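In: From the sequence below, what's the structure:
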Amino acid sequence: MIDQLITEIEEKYEELNRELSDPEVLGDRQRYAELAKAHSDLQPAYELVRQYREAEKSLADAEEMLAPGGEAEPEMREFLKEEVISSREKMETLAEEIRVSMLEPDPNDEKDIIIEIRAGAGGDEAALFAGDLLRMYLRHAEQKKFKTKIMSSSESEAGGFKEVILEVEGKGAYSVFKYEGGVHRVQRIPVTESGGRIHTSTATVAVMPEAEEVEVEIDPADVRVDIFRSSGPGGQSVNTTDSAVRLTHIPTGLVVSMQDEKSQLQNKVAAMKVLRARLYEKKLEEQQKELADARKSMVGTGDRSQKIRTYNFPQGRVTDHRVGLTLHKLDAILQGDIDDFTEALAAQDRAEQLKAGV
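Out: Okay, here's the model as predicted:
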């Protein structure tokens, strides 16, 4: 299997080299750019193949010298045996790296995203936890040098959020946050709990890649637009004009309301951005369901009922149930240190793809 893949990489690399030196290609700017990109994308895999071939040659030379009638002196035999073991181990490692390097990247990985956080079971405590998750994602985005903007929020009277929508802009934002989608569970003693009992609450997180108009076409006739007056906490009017916007996508029933922007137009633009992202996520879910028999997808299945992570305050630990990883650094995680989870989940995702032969 690996031999066939290596041969394919070598042949493709040589073919690209030939095409890039073809005078006709050199005269076609668009074709040349496409081939140059393909060559650049294949370069890391080809470098691994080159190292694999070197290790393969070292192994063959050592085995030849160790064979009966070989040229190895007695004092060299131990060295050559070690070389055989070392070369085989290196080839195994490189074979795995080559397979991983040839996996198809997620086409959404580089995109900006919209994160929706909603309080789940647990009342006020769930809303407070939703606020904790928002701060965690804001800090993680800051660490990655991403831009963030709270597009919409519905605050709880006791603090925290019933719902908040966050936009994250930056190259690779989806690849960084895509594993956060699902149900997050918190176990802690609420401030209002006089008996010291631990309560369990939940919040739901949805991570959606932002969609361009060309990716999701929305027929204006399919969208009902309702205009209403913005209101603050307790129903207080925060605007003297009817600037809040509610969009209803009639074919799917999806509804998006936006009132945090200053003008009706700005609210409509923001609402349309969220609607387009939700429709794009729905489209991705349908595609992934069709591919479910070929590969069990870990990301973006739309199954929000499954608990993905538990934050246990009394014991200061966080457990990601998808990879069985528990970290005893709750405070650091809530400050945005979630890289360990992201890396473990990405590694599991790659393993799933390799297992499925994708």
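In: residue ranges for the strands of the stretch 101-250 of the chain, please.
Out: Along the stretch 101-250 of the chain, counting by DSSP state E, counting those that start in this stretch, strands occupy 113-119, 147-155, 161-169, 182-188, 199-209, 223-228, 244-249.
In: Which of the ones you listed sits closest to Q266?
Out: strand 244-249 (9.0 Å; CB to CB). Placement of C-beta: from N, CA and C, glycine included.
In: can you list the strands of the stretch 101-250 of the chain in JSON lines and add mean pLDDT and mean neighbour count?
Out: Below are the strands of the stretch 101-250 of the chain laid out as JSON lines (pLDDT from 0 to 100; neighbours: other CB atoms under 10 Å):
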{"stretch": "strand 113-119", "mean pLDDT": "93", "mean neighbour count": "23"}
{"stretch": "strand 147-155", "mean pLDDT": "91", "mean neighbour count": "16"}
{"stretch": "strand 161-169", "mean pLDDT": "93", "mean neighbour count": "21"}
{"stretch": "strand 182-188", "mean pLDDT": "93", "mean neighbour count": "21"}
{"stretch": "strand 199-209", "mean pLDDT": "91", "mean neighbour count": "22"}
{"stretch": "strand 223-228", "mean pLDDT": "86", "mean neighbour count": "13"}
{"stretch": "strand 244-249", "mean pLDDT": "89", "mean neighbour count": "20"}
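In: contacting residues around the nearest residue to I333 once chain neighbours are set aside?
Out: Excluding the flanking residues, the one nearest I333 by CB to CB, 6 or more residues apart in numbering is V318, at 5.1 Å. Going by CB atoms under 8 Å, 6 or more residues apart in numbering, V318 touches 309-312, 326-327, 329-330, 333, 341.
In: quick one: strands adjacent to the helix or strand hosting V318?
Out: Using DSSP states H and E, V318 falls within strand 317-320. Strand pairing for strand 317-320, determined by DSSP bridges: strand 307-312 (antiparallel), strand 325-327 (antiparallel).
In: so which strand or helix has V100?
Out: Applying DSSP H and E, one finds V100 within helix 77-101.
In: ah, wrong one, I meant Q266
Out: With DSSP H and E as the test, Q266 turns up in helix 264-290.
In: Could you give me the buried positions within that helix?
Out: Neighbour-count burial for helix 264-290, counted by 16 or more other CB atoms under 10 Å, picks out 264, 267-268, 270-282, 284, 288.
In: Which strands or helices does that helix pack on?
Out: On a contact count with 3 or more CB pairs under 8 Å, 6 or more residues apart in numbering; DSSP states H and E, helix 264-290 meets strand 113-119, strand 147-155, strand 199-209, strand 223-228, strand 244-249, strand 254-258.
In: Export these to JSON lines and append columns for distance to Q30.
Out: JSON lines is the format used below for the helices and strands packed on helix 264-290 (distance: least, CB to CB, whole Å):
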{"stretch": "strand 113-119", "distance to Q30": "30"}
{"stretch": "strand 147-155", "distance to Q30": "32"}
{"stretch": "strand 199-209", "distance to Q30": "27"}
{"stretch": "strand 223-228", "distance to Q30": "36"}
{"stretch": "strand 244-249", "distance to Q30": "37"}
{"stretch": "strand 254-258", "distance to Q30": "38"}
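In: Out of those strands, the one nearest L354 is which?
Out: Across the helices and strands packed on helix 264-290, closest to L354 is strand 199-209 (CB to CB), at 23.6 Å.
In: Render the CA-only coordinates of that closest one in CSV, please.
Out: These are the backbone C-alpha positions of strand 199-209, laid out as CSV (Å, rounded to 0.1, in the frame of the first residue of the first chain):
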residue,chain,number,x,y,z
HIS,A,199,-24.9,21.2,40.2
THR,A,200,-24.6,20.1,36.6
SER,A,201,-25.4,22.5,33.8
THR,A,202,-24.8,22.6,30.1
ALA,A,203,-24.2,25.0,27.2
THR,A,204,-24.4,24.3,23.5
VAL,A,205,-21.7,25.5,21.1
ALA,A,206,-22.1,25.6,17.3
VAL,A,207,-19.1,26.4,15.1
MET,A,208,-19.9,27.4,11.6
PRO,A,209,-17.5,28.4,8.7
